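> Any chance you can model this:
(chains A and B)
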There are 2 protein chains.
Amino acid sequence: MISRRQVFGLGAAGAVAAGAGALAARTLPAEPPAQAHVEEVFPFYGEHQAGIVTPAQDRLHFVAFDVITTDRAELAELLQEWTAAAARLTQGKEAGAFGATGGSREAAPDDTGEALGLPPSGLTLTVGFGPSLFDDRFGLAAKRPAALADLPKFPGETLVPEISGGDICVQACAHDPQVAVHAIRNLARIGFGRVSVRYSQLGFGRTSSTSRAQATARNLMGFKDGTNNLKLEDADLLREQLWAAPGDGAAWMAGGSYLVTRKIRMTVETWDRTSLREQEEIFGRDKGEGAPIGKQKEFDPVDLSAMRPDAHVRLAHPSAHGNAHLLRRGYNYVDGSDGLGRLDAGLFFIAYQRDPRTQFVPIQASLAKSDPLNEYIRHVSSGLFACPPGVVDAGDYWGRTLFA
Amino acid sequence: MISRRQVFGLGAAGAVAAGAGALAARTLPAEPPAQAHVEEVFPFYGEHQAGIVTPAQDRLHFVAFDVITTDRAELAELLQEWTAAAARLTQGKEAGAFGATGGSREAAPDDTGEALGLPPSGLTLTVGFGPSLFDDRFGLAAKRPAALADLPKFPGETLVPEISGGDICVQACAHDPQVAVHAIRNLARIGFGRVSVRYSQLGFGRTSSTSRAQATARNLMGFKDGTNNLKLEDADLLREQLWAAPGDGAAWMAGGSYLVTRKIRMTVETWDRTSLREQEEIFGRDKGEGAPIGKQKEFDPVDLSAMRPDAHVRLAHPSAHGNAHLLRRGYNYVDGSDGLGRLDAGLFFIAYQRDPRTQFVPIQASLAKSDPLNEYIRHVSSGLFACPPGVVDAGDYWGRTLFA
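Numbering: from 1, shown residues only, chains lettered A, B, ... in the order given. You can find the predicted model right below:
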């Protein structure tokens, strides 16, 4: 029995060449995706928000809030308080002073305490504003970006409203779930009376690397996911495909990005009974190495003509959608089981882009129509958010360009 | 602002001495609890099952199965197949050969693939048999240990039957959730048609260290949890309090241990609005250092007389229950949110012991009656399992002493 550090098979082409049944030991990249850099600290201030091109950390706690205050000033004040807390939390500090004002033990602590003693763990916090924030409550309707157009209904989706949408989202990514959970919990605590948690989602095993220095991780179908993802090293593509520009229509979003989330339930038990050949043909890659069909290595150029016309890789390929790319940084999830003897498992898909109307929407329309993976997956939640530009310094705050 | 690596306050006694408002920087142990030893491998074969006194790994995937076959031989065969797979998985290998028998791509792979390339991550798999397995289906009724007596109903508990009980449980602990999830999923896959997943639970941030080499981690109330836990270095206490002995009544359990699980939901939002003084008095320890009330350091001897009579530490103390100890190795959980604006969060409590009738039951009876923490917690699931002795070699299997 070989170890997991060796792949369990050749690439598709190699397997054919070597004949059925041949198994070769091949060493994977030295750094496994789960190798946590617990002392890592990412800068909070900058032109763009952290947590987008930041090399994807291994754990996620994502939350969507409903705003329950109707006072615009109170909302802007909350965003300032959140920004101050996020600037501390992401640097490995507590949300606030212990024992509250003046250190008194008669007040509730300003930090909930469960991350005390834990290293910074590469925490990033990324905020986004949903379409519903631009209704008539806060006088923001005129500032709604055209790119924040409601997503169309896609064939086959069975969205659950209670875990979809949201006025404001915060994506916490870290190497330690306790650090990510702590951050979201403290933001929720600070927001008490002004926002309410609409839904939250934990994830693990980042399924898309966002840097060429990272090994490609695997989704719960067992396949490498995100081999040809947009990566932080792709400077030209990021400018063209990821960041909103001043001329894009909503000036306040310049330097920001649009986020689409989809919770994609997988019926893994059914998938696990599908033959290896069918699994690989559906994806358009071999399962062991992750090589495109007909090639031998993961990063070999994709030859779409070697695949079946509806292979997942082929349907989603930029060449099929006017060179549209996404920066994906989704996470695997398991929410226990479903009461029918099956794991409640899948992918919490996260994708950043310059304009969903020309990027996520056409790609997903094509997948929803033809992807043979649809037999094994179901989209159960959806989110769309305008993530503003970065906080440039301690005098700035999340959403200042929108509210000021 | 000090960093999280320094505690945010003095111990209770220190705070009194220094006066309210004084904050001291004190360095915590060098090794944070989340520091993952991803290359770690624990032996599978041994007198006792791994995953009990094994230094608690940081992530959990716990599953309870219903047995759906009624054929005793088929069940024993499954346990043998599971044992073979567990012996491989815990050593960082796959559940089975790739491409199934002979490496054919026409069959479903014998391993689901998502842990490929990941290091062993300290995975342990621990099996247990619930009271319901000893009904009339498999001819095991006469072998039910007296110590596996049904737990009494405790005041205030609101158990949900669908996430309680189970014929067989498997506890997977690892430094990487993807590795723990992969193991449970592959066991479920092997069990297809013979067992069905009843419920499963993910956890993170182990809340009880099981070795003096580990720093004490924190629960989601922000307190250190498990300071005086039974630890693997306590050889005499382990013999007396943890492992079933040949003379205990059920000979097949000698070298095994009894497991109690309780899913304890915390209303963290309410807790977070409670004053620091009240939080500390309820627990009987200070929050920063974890020192017992009236003392300065975490491991200072507990002075029960310095605490309020119903302090959590005091109610659960061995001296109040005929020197009864538990080996706890619970995990924090967040299952998203509850639809009422709150996180669905708490503690998945796990405790091993020699006899629940004289250990967990009296301790929990006392807590259920008087613990002021009850205002902030609710027991929503319960499990009880007889975990057999270890698998001694490749010819042995999980439960052989019960079935053979």
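> For whichever residue of the stretch 251-400 of chain A sits closest to chain B, which three-state class applies?
Per CB to the nearest CB, residue A:341 is where the stretch 251-400 of chain A lies closest to chain B, at 3.5 Å. (C-beta placed from N, C-alpha, C; glycine too.) Look at residue A:341: counting by DSSP: H, G, I helix; E, B strand; the rest coil, its state is coil.
> and what of residue A:289?
Going by three-state DSSP: residue A:289 is coil.
> hmm, back to that, what's near enough to touch the residue of the stretch 251-400 of chain A closest to chain B?
Taking CB atoms under 8 Å, 6 or more residues apart in numbering or on different chains, we find residue A:341 in contact with B:66, B:196, B:197, B:198.
> try it again with 10 Å
By CB atoms under 10 Å, 6 or more residues apart in numbering or on different chains, the contact list for residue A:341 reads A:269, B:65, B:66, B:68, B:188, B:192, B:195, B:196, B:197, B:198.
> Likewise for residue A:404?
Listed by CB under 10 Å, 6+ apart, the contact set of residue A:404 reads A:76, A:252, A:396, A:397.
> Quick check: residue A:366 touching residue A:315?
Yes - counting by CB atoms under 10 Å, residue A:366 does reach residue A:315; the two are 5.0 Å apart.
> hey, what's in contact with both of those two?
Each of residue A:321 lies in contact with both residue A:366 and residue A:315 under the rule CB under 10 Å, 6+ apart.
> quick one, which of the two is more surrounded?
Taking other CB atoms under 10 Å in any protein chain shown, residue A:366 and residue A:315 do not tie; residue A:315 has more neighbours (22 against 17).
> what element comes up after the helix or strand encompassing that one heading to the C-terminus?
Residue A:315 is located in helix A:312-316, with elements delineated by DSSP states H and E. Going down the chain from helix A:312-316, the next helix or strand is strand A:327-328, by DSSP H and E.
> about what we covered before: okay, the contacts of residue A:404 in TSV with distance to chain B next?
Compiled in TSV, those are given as follows (distance: CB to the nearest CB, whole Å):
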residue	distance to chain B
A:76	21
A:252	28
A:396	18
A:397	18
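> Highest neighbour count among these?
Counting neighbours by other CB under 10 Å, residue A:397 leads the contacts of residue A:404 with 23 neighbours.
> State whether it and residue A:391 are indeed in contact, as I suppose.
Yes - with contact defined as CB under 10 Å, residue A:397 counts as touching residue A:391 (6.3 Å).
> Spell out which residues are contacts of both of the two.
A:83, A:84, A:86, A:87, A:127.
> Save the residues you listed as a markdown table, and put in secondary structure and distance to chain B too.
Listed next are those as a markdown table, based on DSSP: H, G, I helix; E, B strand; the rest coil; distance: CB to the nearest CB, whole Å:
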| residue | secondary structure | distance to chain B |
| --- | --- | --- |
| A:83 | helix | 15 |
| A:84 | helix | 10 |
| A:86 | helix | 13 |
| A:87 | helix | 10 |
| A:127 | strand | 18 |
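> could you check whether stretch A:37-49 is close to chain B?
Yes - interface with chain B: stretch A:37-49 contributes A:38, A:39, A:41 (CB under 10 Å from any CB of the partner chain).
> ok but residue A:373 is inside a helix, no?
Yes - secondary structure assignment places residue A:373 in a helix (three-state DSSP).
> what's the closest non-adjacent residue to it?
Once flanking residues are discounted, residue A:373 sits nearest to residue A:312: 5.5 Å by CB to CB, 6 or more residues apart in numbering or on different chains.
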